[in-house]
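In: got a sequence here, can you build the structure:
(chains A, B and C)
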Amino acid sequence: MNITSNAAKPGLKQWLTSDTPQSRWQAKCGRAWLGWLKFTENRLAMIGLSIVLALILVTIFAPLLAPYDPLAADLTNRIQSPSAEHWFGTDQLGRDILSRLIYGAQYTLMIVALVVITAAPVGLLVGTAAGFFGGWIDATLMRITDIFLAFPKLILALAFVSALGPGIENAVLAIALTAWPPYARIARAETITVRKSDYIEAARLQGVSNMGLILGHITPMCISSLVVRVTLDMAGMILIAAGLGFLGLGAQPPMPEWGAMVSEGRQFLLEQWWVSTVPGLAIFIVSLGFNLLGDGLRDVLDPRGGD
Amino acid sequence: MTAMIEITKLNAWFDDNHVLKDIDISIPANGSFGLVGESGSGKSTVLRTITGLVDDWEGNIVVNNKELTKKRDKTFYRLAQMVFQDPFGSLHPRHTIDRILTEPVNIHKLGNSDARVVEALKQVGLDNSFRFRYPHQLSGGQRQRVAIARALILEPKILLLDEPTSALDVSIQAEVLNLLTRLRNDLGLTYIMVSHDLAVVAHMCDDIAIMNHGRIVERATAGQLADGKLENPYSQQLFKAAGGYDRAVIDSFVDWD
Amino acid sequence: MTTDTLLSVKNLAITFSTSKGPVHAVRGVSFDLGRERLGIVGESGSGKSQTGRAILGLTAANGKITADQMQFHDLDLRNLSKRDWRKVRGARISMIMQDPKYSLNPVMTIGDQIIEAYREHHKVNAIEAKRRALDMLAAVKIRDPERVFNSYPHEVSGGMGQRVMIAMMLIPDPEILIADEPTSALDVTVQLQVMAILDDLVRERGMALVFISHDLHLVSSFCDRVLVMYQGHVVEEIRASELDQAKHPYTQGLLNCLPKMDGNHAELPVLTREASWAET
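Out: All right, here's what the predicted structure looks like:
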């Protein structure tokens, strides 16, 4: 067992770092491996990655990890301070805060994931199209972007949620609507720097269509700065989601969403600090994790830094 | 023999700048035509106008007995391909060589892309181990070979060469020039080669035109150039400058602004 | 060492530590520099630029320099402090880079930049400095020094920009000028004109010039002596006038593989590299 793994290891490493890959797959893996090596050199980024991985694991295994039912009220056990039975104490309805925290992770993750899969592609498409075509298409798309950028994110999200009605789906939609404009800006800026380059013109002379150029040639050049920016923004999204939850516009009770939990505990903040503070810390740690991860990714992916 | 490329009264503009003035060029099939000039002479613009990268132009461009309109279609790109000056800038940094070569085959639905990619690499003297590398894993000369392979994979009749060796070391330049000469003979290609280097053009081309400020100021054959039989004072100066550092010659230089 | 020798380098080696292991950029390079024009020629990766940068103490942080000797007058360049380097660099040894576009500050007028360079090393008042700057622009054969003095770098052509760089580098009267591909971004005729200016100034001021280039033909027509570098080694040192009698196969190969204007379309001789060249 030991022998085989030792023998396989240098082989795999050679396969990954080979200067003469034998297949598309090997070339891709080799590139990813080099990026991973660079990423692992950054210790803070590794901490960020562990936090984010922990969040994902907690989400997946919530039913196994949580000691109690997050929704089960037990009024006889109201606002218990942290103890061996309830590590983080209980809230005003006697629910176990640790369990609520563990189940709440999935809402946080869901909000972030939904916002990312809606806002990032929209921003990417708007930005690359504007940068690539220029002229009136650029002017129109960018003025629309400017309108969205003119408002503070939270205010705009508040306005959207008030119009759409409270609820976690509408909170996601509202955050997505406020999140895409910066991505459009970044994508446009990257597009403008590459659209006149020889390799784009060479592709044009091969007969590649405009759509093909945008999707196959320009997007790959924008994607790394976008990934970095999105990761850094995730912390902000979590905060806005928490803010909406806090104001009662996001997740509705009894959903164990972290922002809502902070809000519910605020009336006991002075005597029973843990009710608000523990979900607050969770928000803080996860935001920090995404920020550290984003910083690390920037070092690996930023086209200006590498190659 | 009819001309493969026939350009008459070609004029082009960048915004308000009149960058090409009454260019006439005629190149027979399998011919090799050289355009020489300094920066800003418009020599590259001639190529870019033929390929459709310049929009604002007037005149007639007839390629393979077909007059070009403002818009190029796919069949044109199968007829004429271009090799760019900078081998570090003309290959997509995030695409493997395989993808760079496969894409045109798929776009033009030529089929059999695997065999075509292997064949194109072989034509430019690269073995299959290069196929799945990224451009940054290649040297300048190898990249330029890939760029030539990319141009050849569509089996064009015409190659437009925009200073294909000026970014390369001289020993690599010799290899690439030899490759280009061999390909022209083997595949019956027609070349237009743009360069600032008189010696390179004299070596590669049968007919040569010297450009200055958007105009062709002199035409010569390779033989005339070898004998230094140039009449225009500008081209004479260019010829002398190619001879290296000679104080007396330099002091006789005139600015042609 | 004769009294004429300004700089003596013996067994210079530069090694860069990279993620893929150490890279030996320069190995065992020795030369003496007098008041002459010395050419260093090589292809990319030959170590020619690194040799030039080492003389100026500009080797990147991950590079390690070792040498048996790097003597500039009474100064040992091997272990100068940062502070001492500042007194040497720019004032006594200067360098002209390849592309003036990247070497000039885009938001300062050319005149201000020259004045700044001058006052760095000379305590003079503003009027005197301006007079010196204009003199210098005139010395590099700029026809309208006043206009160029008040221009920004983007407003002048490449050839003009390179003349400005030369003016700037020569104003403190250095003893050694290192020119790293100073003209390869320029058109041929402009290139030669700039070299002529460089030539005049170097002669008049009795400076030593190290001219680094990839163009063997050009260097040999310009310099007194040429070092040919290959993979970090000096493979041949030869008087420029005797280039046609070069002995090393690499030098011969470099000369032969240049296309000639003889109307001959035959194959160019290709350089076959031998591993032994990089060992000596």
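In: secondary structure element for C:Arg27, which one?
Out: Using DSSP states H and E, the element containing C:Arg27 is strand C:21-33.
In: ugh, wrong one, C:Ile40
Out: strand C:37-41.
In: circling back: the strand holding C:Arg27 and chain B in contact?
Out: No: counting by C-beta under 8 Å from any C-beta of the partner chain, chain B is not contacted by strand C:21-33; separation bottoms out at 15.2 Å. For the C-beta atoms, the positions are set from N, CA and C on the backbone; glycine is no exception.
In: report the beta-bridge partner residues of C:Val41.
Out: Assessed by DSSP bridges, C:Val41 has beta-bridge partners C:Ser213, C:Val228.
In: can you get me a residue count around it?
Out: 25 (other C-beta atoms under 10 Å in any protein chain shown).
In: around the nearest residue to B:Leu68 once chain neighbours are set aside, count how many other residues there are.
Out: Closest residue in space to B:Leu68, ignoring its immediate chain neighbours: B:Ile61 at 4.4 Å, by C-beta to C-beta, 6 or more residues apart in numbering or on different chains. The number of residues packed near B:Ile61 is 20, by other C-beta under 10 Å.
In: repeat for C:Glu128
Out: C:Glu128: 14 neighbours (other C-beta under 10 Å).
In: counting contacts, what elements does the helix or strand hosting it pack onto?
Out: Using DSSP H and E, C:Glu128 maps to helix C:126-139. When contacts are defined as 3 or more C-beta pairs under 8 Å, 6 or more residues apart in numbering or on different chains; DSSP states H and E, helix C:126-139 packs onto helix C:110-121, helix C:145-149, helix C:158-170.
In: secondary structure element for residue 203?
Out: All of this is about chain A. helix A:198-205.
In: wrong one, I was asking about chain B
Out: Using DSSP H and E, B:His203 sits in helix B:198-204.
In: name the residues of that helix that are buried.
Out: Neighbour-count burial for helix B:198-204, counted by 16 or more other C-beta atoms under 10 Å in any protein chain shown, picks out B:Leu198, B:Ala199, B:Val200, B:Val201, B:Ala202, B:His203, B:Met204.
In: and if you look at stretch A:100-116?
Out: A:100-112, A:114-116.
In: can you tell me which of the buried residues of helix B:198-204 is nearest A:Arg185?
Out: Nearest to A:Arg185 among these is B:Val200, at 44.2 Å by C-beta to C-beta.
In: residues near the residue nearest to B:Asp169 when sequence neighbours are not counted, how many?
Out: Nearest residue to B:Asp169, sequence neighbours excluded (C-beta to C-beta, 6+ apart): C:Glu43, at 3.9 Å. The local packing of C:Glu43 (other C-beta under 10 Å) involves 19 other residues.
In: now do C:Val164
Out: Quick note: C:Val164 (other C-beta under 10 Å) scores 26 neighbours.
In: and the nearest residue to it once chain neighbours are set aside, how far is that from chain B?
Out: Closest residue in space to C:Val164, ignoring its immediate chain neighbours: C:Ile110 at 5.3 Å, by C-beta to C-beta, 6+ apart. Noted for C:Ile110: a distance of 19 Å to chain B, by C-beta to the nearest C-beta, to the nearest Å.
In: so who does the residue nearest to B:Leu68 touch?
Out: Counting by C-beta atoms under 8 Å, 6 or more residues apart in numbering or on different chains, B:Ile61 touches B:Ile5, B:Glu6, B:Ile7, B:Leu10, B:Thr49, B:Ile50, B:Glu67, B:Leu68.
In: now do the buried residues in the strand holding C:Arg27.
Out: The neighbour-count check on strand C:21-33 (16+ other C-beta under 10 Å) flags C:Ala25, C:Val26, C:Arg27, C:Val29, C:Phe31, C:Asp32, C:Leu33 as buried.
In: before we move on, which element is A:Gly296 in?
Out: Under the criterion of DSSP H and E, A:Gly296 resides in helix A:274-301.
In: is chain B contacted by that helix?
Out: No: Helix A:274-301 does not reach chain B (C-beta under 8 Å from any C-beta); its nearest approach is 11.0 Å.
In: tell me which other helices or strands that helix touches.
Out: Checked by 3+ C-beta pairs under 8 Å, 6+ apart, helix A:274-301 has helix A:24-41, helix A:43-60, helix A:97-133, helix A:219-246, helix A:258-265 packed alongside it.
In: does chain B sit close to the first one?
Out: Meaning helix A:24-41. Yes: in terms of C-beta under 8 Å from any C-beta, part of helix A:24-41 sits within range of chain B, namely A:Arg24, A:Gln26, A:Ala27, A:Arg31.
In: and the second one, how many neighbours?
Out: To tie it back to what came earlier, the one meant is A:Gln26. 15.
In: surely it is in contact with A:Gln14?
Out: No: using C-beta atoms under 8 Å, A:Gln26 is not in contact with A:Gln14; the gap is 10.9 Å.
In: need the residues of chain B near chain A, please.
Out: B:51-53, B:74, B:77-78, B:81-82, B:84-86, B:89-96, B:98-99, B:103-104, B:107-108, B:129-130, B:132-134, B:136-137, B:147, B:150, B:154.
In: residues contacting the residue found closest to B:Val124 once you drop the neighbours it is linked to in the chain?
Out: Of all residues not flanking B:Val124 in the chain, B:Arg145 sits nearest, at 4.1 Å (C-beta to C-beta, 6+ apart). Counting by C-beta under 8 Å, 6+ apart, B:Arg145 makes contact with B:Val124, B:Gly125, B:Leu126, B:Val176, B:Leu179.
In: sorry, back to before: most packed of the helices and strands packed on helix A:274-301?
Out: Counting by mean count of other C-beta atoms under 10 Å in any protein chain shown, helix A:258-265 has the highest mean neighbour count of the helices and strands packed on helix A:274-301, with a mean of 25.
In: can you give me the helices in chain C?
Out: Remark: helices assigned in chain C by DSSP state H are C:48-55, C:82-88, C:100-103, C:110-121, C:126-139, C:145-149, C:158-170, C:188-205, C:216-222, C:249-256.
In: among those helices, which comes closest to A:Ala189?
Out: helix C:100-103 (21.6 Å).
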